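coordinates only, no sequence provided:
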């Protein structure tokens, strides 16, 4: 499966040929380098490891430097793996860029959602909260009942409630590639992508077509 | 990157379109595709609102159709569907959004 690592640039809109307006998220992706090939024989599965974002040597630990030396690629900060199916072949050190994808293709985009801190049940799970009137007080954003009484005498596991929200890995699948600019290494996909602007995202060919 | 529209489609972002103002009377020609054929449909009316968006300026235009029915349409001015934008007449207005025209009929709906 082909894939790239990139950073979210932001959203805009573009016109299709027949004048429809399409929402587009721009992602600055690649150039990425193949840093390692994982094989069935050695690793038990077949994949490529891909690196992105060149940084000065001092930013990398000795271990990371040593690992990259084997493939002879520039110092990259981020490494991700893409599983391969049978016939796909990549060379060690090969450069991957946005020309891997072309407009009309479907991709999955994986990112880290914006952190929302400790969020209430209304924001986190879409609960409705309590009544605004009829003599109620301090119930407007409350969770409501969380179970029965003496039997079972405890709260069921997995009961939804307030807690930490966001800052989580999220995959958006089946986005259509609308725009590719190999010169500036920018790819545009239709619709939204998890995370804030400048957040790290992974783009891969869609798993479900 | 500040202007993302010009990254995606520079030819659209740099397209020359007339500057419209609220109160202008304009005539647009809209490309309409009917099956295989393409034709131009004119739309003439008063600009009652100008808006700036991520895809360039958008004008809301009000015209009085037959039987005195008011029709308002919004057009992204950079849209490839617009074949022509022509300013017929300007007018002095004190406000930017001319929603008060909706409540006026006939002679009272004129602008100077």
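Looks like it came in fine. If you're wondering where the values come from, they're calculated on a predicted model, not measured in any experiment. Numbering: from 1, shown residues only, chains lettered A, B, ... in the order given.

wait, doesn't residue A:78 sit right on residue A:54?
No. Contact criterion CB atoms under 8 Å: residue A:78 and residue A:54 do not qualify, at 10.5 Å. Backbone N, C-alpha and C define where each C-beta goes, glycine included.

ok, now which ones touch the closest residue to residue A:187 other than its chain neighbours?
Leaving aside its chain neighbours, residue A:187 sits nearest to residue A:98 (4.6 Å; criterion: CB to CB, 6 or more residues apart in numbering or on different chains). By CB atoms under 8 Å, 6 or more residues apart in numbering or on different chains, residue A:98 lies in contact with A:4, A:29, A:30, A:180, A:181, A:182, A:185, A:186, A:187.

residue B:26 and residue B:84 touch, don't they?
No. Applying CB under 8 Å as the test, residue B:26 and residue B:84 come out as separate, 10.0 Å apart.

name the residue in these two with the higher neighbour count.
Counted by other CB atoms under 10 Å in any protein chain shown, residue B:26 and residue B:84 do not tie: residue B:26 has more neighbours, with 22 against 12.

any idea how far residue A:10 is from the more buried one?
32 Å (CB to CB, to the nearest Å).

and the contacts of the top helix by length along chain A?
When chain A is parsed with DSSP state H, its longest helix is helix A:62-69. By CB under 8 Å, 6+ apart, the residues outside helix A:62-69 that reach it are A:35, A:36, A:51, A:57, A:60, A:74, A:75, A:76.

stretch A:7-22 too?
Applying CB under 8 Å, 6+ apart, the set of residues contacting stretch A:7-22 is A:23-29, A:111, A:178-179, A:186, A:188, A:190, A:192-193, A:195-201, B:1, B:4-5, B:7-9, B:12, B:31, B:33, B:53-55, B:76, B:78-81.

report the mean per-residue pLDDT for that stretch.
Mean pLDDT, stretch A:7-22: 85.

cool, stretch A:72-85 as well?
pLDDT averaged over stretch A:72-85 gives 87.

endpoints of stretch B:15-35, how far apart?
Counting by CA to CA, to the nearest Å, you get 28 Å between the two ends of stretch B:15-35.

stretch A:75-89 now?
Start-to-end span of stretch A:75-89 (CA to CA) is 23 Å.

what residues sit buried inside it?
Across stretch A:75-89, burial judged by 16 or more other CB atoms under 10 Å in any protein chain shown covers A:75, A:76, A:79, A:80, A:82, A:84.
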